[in-house]
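Visitor: coords please:
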Amino acid sequence: MSEVLRLEGIRKSYGVTPVLRGIDLTVNRHEVIAVIGASGSGKSTLLRTINLLETIDDGQIWLADAAGTLEDISDPRAKADAIRARIGFVFQHLNLFPHLSVLDNVTISTRHVQRIRRQVAEARGLELLDRVGLADKAREFPDRLSGGQQQRVAIARAIATDPELLLLDEITSALDPQLVGEVLDLVRQLKSEGTTIVMATHEMAFARDVADHVVFLDNGVVGEQGPPTEIFTAPRTSRAREFLGRFLA
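Guide: Below you'll find the model as predicted:
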């Protein structure tokens, strides 16, 4: 499989506090990578560095271009907005624009970044909303939707630009338990369609069943990684066993 993303020696500190301490990771096309670990282990910071929302202190981030060639997007000369248009990002706390309709939220990147005509962008947006089961909510505002519906809108917005990579940052943590399933079902659908996904998650059963590769972050380093059958059945390190103990019990 061809590489979509490669991280080499990624380091990031906030002041004197190191958060990422030399992360190496390769993501292949059509893979789903689940990043697990305790709160504060660096999961969200890792995703934000990939999307260039955080500048790294050291290391390199490589993203495949349209021809499949890896380019160094951590180069200070890289055009961040153009790169972000190629990476879909769904935030933990939604980040929908409350003053825009659902359809306008979904089409904002295609209209303003890709410069696609409104009529074409809206036709594509309605297709995406139908795909996530929300075509009838296109003219509503986000505060009229449930948390699960809002998160599905956020996912539709993230994939509107046909990104090479989709980043999901704890997308179920702010949802009521009864709404978690509908969002995870959509992620399963995206996986079945071949979407390349890196997701930070506390949903261990979902990571075990859906991910192709699991990365256990421990205090800013990759403590362990491998296929889910290996990580969840026989973790090699004591730290991973401790973290997964409740799930494995």
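Visitor: all strands for the chain, in order.
Guide: Assigned by DSSP state E, the chain shows strands spanning 3-14, 17-28, 32-36, 58-64, 70-72, 87-90, 165-169, 197-200, 213-218, 221-226.
Visitor: closest one to Arg139 among the ones you listed?
Guide: Shortest separation from Arg139 across those is recorded for strand 87-90, at 22.2 Å, computed as CB to CB. Where you see a C-beta, it was placed from the backbone N, CA and C, and this is true even at glycine.
Visitor: all helices of this protein, in order?
Guide: 43-50, 80-84, 102-112, 118-131, 147-159, 177-192, 204-210, 228-233, 238-248 (DSSP state H).
Visitor: With mean neighbour count and mean pLDDT added, can I get those in CSV?
Guide: Below are the helices of the chain laid out as CSV (neighbours: other CB atoms under 10 Å; pLDDT from 0 to 100):
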stretch, mean neighbour count, mean pLDDT
helix 43-50, 23, 96
helix 80-84, 14, 88
helix 102-112, 22, 91
helix 118-131, 16, 93
helix 147-159, 23, 91
helix 177-192, 16, 88
helix 204-210, 17, 92
helix 228-233, 16, 93
helix 238-248, 14, 86
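Visitor: looking at these, which is closest to Glu71?
Guide: Distances from Glu71 to each of the helices of the chain were compared by CB to CB, and the smallest falls on helix 80-84, at 8.9 Å.
Visitor: Show me what the closest one is in contact with.
Guide: By CB atoms under 8 Å, 6 or more residues apart in numbering, the list of residues contacting helix 80-84 from outside reads 51-52, 63, 73, 113.
Visitor: Among those, name the buried ones.
Guide: By the neighbour-count criterion of 16 or more other CB atoms under 10 Å, the contacts of helix 80-84 include these buried positions: 51-52, 63, 73.
Visitor: Looking at these, which is nearest Val153?
Guide: When the buried ones among the contacts of helix 80-84 are compared for distance to Val153 (CB to CB), Asn51 wins out at 18.9 Å.
Visitor: pretty sure that closest one is touching Leu167, no?
Guide: Yes. Contact status for Asn51 versus Leu167: in contact at 6.0 Å, counting by CB atoms under 8 Å.
Visitor: Spit out the residues that contact these two alike.
Guide: Any residue near both Asn51 and Leu167 by CB under 8 Å, 6+ apart counts here, and that gives 87, 89.
Visitor: Sounds good, over and out.
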